[in-house]
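Asks: sharing a model that was predicted from the sequence below.
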Amino acid sequence: MNFNDTNKYTKLFLGLIFDALGYVSFIIPGIGEFSDIIWAPVSAWLMAKLYKGRVGKIAAVFSFIEEALPGFDVIPSFTLMWLYTYVYSDKAKTVTVK
């Protein structure tokens, strides 16, 4: 999977889907936490593929930990990463010092 040339809104859509997949563990009590064992490394890999560089690696580690720990699945890590990348970082780039 190569997400390098992916449109930022496509990344948002994929991130929303990936975050929704992370919520699946809440649907099936007991079995759901087992699904996190599988989903945690997959989500980290997807995060690293969506966002390159050091920031993507840090986000991948955060995503892995967030999905692996019970009860932290409510954090929408893919959506937060998209906001950081395309909203907050862009604002920081456009600010000029007078």
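Replies: Nice, I can see it. Numbering: from 1, shown residues only.

Asks: worst-scoring helix or strand of the chain, pLDDT-wise?
Replies: Between all helices and strands in the chain, the lowest mean by mean pLDDT, DSSP states H and E belongs to helix 89-94, at a mean of 63.

Asks: quick one, longest helix in this protein?
Replies: helix 31-50 (DSSP state H).

Asks: quick check: mean pLDDT of that helix?
Replies: Helix 31-50 comes out with an average pLDDT of 88.

Asks: do the same with stretch 57-69
Replies: Mean predicted confidence for stretch 57-69 is 93.

Asks: so the most centrally placed residue in the chain is in which element?
Replies: When C-alpha atoms, centre = their mean is applied to the chain, the residue found nearest the centroid is F78 (2.4 Å). Element membership of F78, judged by DSSP states H and E, is helix 77-83.
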